[in-house]
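1. Starting from these lines, generate the structure:
(2 chains)
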Amino acid sequence: MYGWIWRHLPGGRASRTAIALVLVLAVCALLLLVVFPWVEPRMPWGDVTVGR
Amino acid sequence: MAQAGRTPAGLWRAVARGLGELLVTAGLVVLLFVVYEVHVTDLLNDRRQAELAEEVDEAWTRQPAGASVELVEPPLGEPVAVLRIPRLGADHQRVVLQGTSEDQLSQGPGHYVGTALPGQQGNLAIAGHRVGKGSPFLDLDRMRPGDPIVVETAGSWFVYRVLGNPANGDVADPSGVPGLHVVRPEEVGVIAPTPGAPGTAASGAYLTLTTCHPRYSARQRLVVHAVLDGTAISKADAPDGPPGLTGG
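-> Below is the predicted model:
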């Protein structure tokens, strides 16, 4: 999977590294800002109240 | 799909490598989620609490100091009071919001709707997160009998003192209400007007804190009961805080 992505990135080693870094950061941002805030309330360990 | 010219052995190797990469990626995502839960939500919450503290300050300074402000339950999500627990840190301070849904609890401790307001007879019940979201009640298990829990409203300070729990070897309170104990999640009696005695009238001005227990789990609830020490202290008399907060 990662090999396939690497082979399809344009340019030489430097340009590929830069683009790969940007991709990694974009995925992290997507997870932290969109996916995790959505998943979190659905997890069972955040329950601190009695009843319900 | 197998590419042209690829042997079966080569295909299997590609599948195995892809699967391995996928599993490693999943592991990293889970790790990132843990970092998010334990640290990132704390950062976001710090910022939100600072905003709330500013809002509360502004709203309270608009009211004439010392005037007897009649307490009414605010709308959901609005600040109820400011909570300070010196045992949990010298600078421990959290704005408590009305309501105990995740919407409020992600911003700060939440006041159970319908329970007493600060200083009132009955049970001022507050829920808060243990780990993450500012971790307001992370070390709640370290509370000792007599520890002050200070509640600040627009015009007054209220000092509640943690009760003793005979099961922990402390002196029992005459009311029979224990201080620190662990209950099952469905035990709503702990937030009844008289804690532990649902259906009876209020027998004093109590404060109850609930959080999850053990840490990182929601299997049980850690509950701390406290009782009002004395009466309201006017902010006009003690602008910097009541004796319970300033080390008295």
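
2. Please, which helix or strand holds residue B:241?
-> For residue B:241, there is no host helix or strand (DSSP states H and E).

3. tell me the contacts of it?
-> Applying CB atoms under 8 Å, 6 or more residues apart in numbering or on different chains to residue B:241 gives the contacts B:84, B:150, B:157. For every residue, glycine as well, the C-beta is placed using N, CA and C.

4. again with residue B:203
-> B:175, B:193, B:194, B:197.

5. Mind checking which of those are buried?
-> Buried subset of the contacts of residue B:203 (neighbour count, 16 or more other CB atoms under 10 Å in any protein chain shown): B:175, B:193, B:194.

6. Nearest to residue B:231 among those residues?
-> residue B:175 (17.6 Å; CB to CB).

7. Next one, pLDDT for that closest one please.
-> pLDDT recorded at residue B:175 is 78.

8. And chain B, is the longest helix along chain A touching that?
-> Ranked by number of residues, the top helix in chain A under DSSP state H is helix A:13-30. Yes: with CB under 8 Å from any CB of the partner chain as the measure, helix A:13-30 is seen reaching chain B through residue A:28.

9. And the helix or strand following that helix, what's buried?
-> Going down the chain from helix A:13-30, the next helix or strand is helix A:36-39, by DSSP H and E. For helix A:36-39, the neighbour count (16+ other CB under 10 Å) marks residue A:36 as buried.

10. now swap in stretch A:25-44 and tell me
-> For stretch A:25-44, by 16+ other CB under 10 Å, it's A:31, A:36, A:40.

11. mind giving me JSON lines with the residues you listed and columns for pLDDT and distance to residue A:3?
-> Below are these laid out as JSON lines (pLDDT from 0 to 100; distance: CB to CB, whole Å):
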{"residue": "A:31", "pLDDT": "94", "distance to residue A:3": "22"}
{"residue": "A:36", "pLDDT": "92", "distance to residue A:3": "28"}
{"residue": "A:40", "pLDDT": "85", "distance to residue A:3": "33"}
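
12. neighbours of residue A:4, just the number please.
-> Residue A:4 has 10 neighbours, counted by other CB atoms under 10 Å in any protein chain shown.

13. Please, which helix or strand holds it?
-> Using DSSP H and E, residue A:4 falls within helix A:2-8.

14. And chain B, is that helix touching that?
-> Yes: under the criterion of CB under 8 Å from any CB, chain B is reached by helix A:2-8 at A:2, A:3.

15. same question for the host helix or strand of residue B:20, mean pLDDT?
-> Taking DSSP H and E as the definition, one finds residue B:20 inside helix B:8-35. Taken as a whole, helix B:8-35 has an average pLDDT of 93.

16. Residue ranges in chain A under the pLDDT threshold?
-> Applying pLDDT under 70 to chain A flags the ranges A:52.

17. could you redo the last one with a cut-off of 50?
-> Nowhere does chain A drop to pLDDT under 50.

18. Show the contacting residues for residue 6.
-> Looking at chain A here, since you left the chain open. Residues near residue A:6 by CB under 8 Å, 6+ apart: A:16, A:20.

19. wait, I meant chain B there
-> By CB under 8 Å, 6+ apart, the contact set of residue B:6 is residue B:14.

20. Just give the number of residues close to residue 16.
-> Picking chain A for this. With other CB under 10 Å as criterion, residue A:16 counts 16.

21. The intended chain is chain B.
-> Residues near residue B:16, counting by other CB under 10 Å, number 10.

22. how about the residues of chain B that lie near chain A?
-> Residues of chain B lying close to chain A (CB under 8 Å from any CB) are B:17-18, B:21-22, B:29, B:32-33, B:36-37, B:40-41, B:100, B:102, B:105, B:110, B:112, B:127-130, B:132-133, B:137, B:183, B:185-188, B:190-191, B:210-212, B:216-218, B:221, B:223.

23. List only buried entries from those residues.
-> Burial by neighbour count, judged by 16+ other CB under 10 Å, picks out B:32-33, B:36-37, B:40-41, B:100, B:102, B:105, B:110, B:112, B:127-130, B:132-133, B:137, B:183, B:185, B:187, B:190-191, B:210-212, B:218, B:221, B:223 from the residues of chain B next to chain A.
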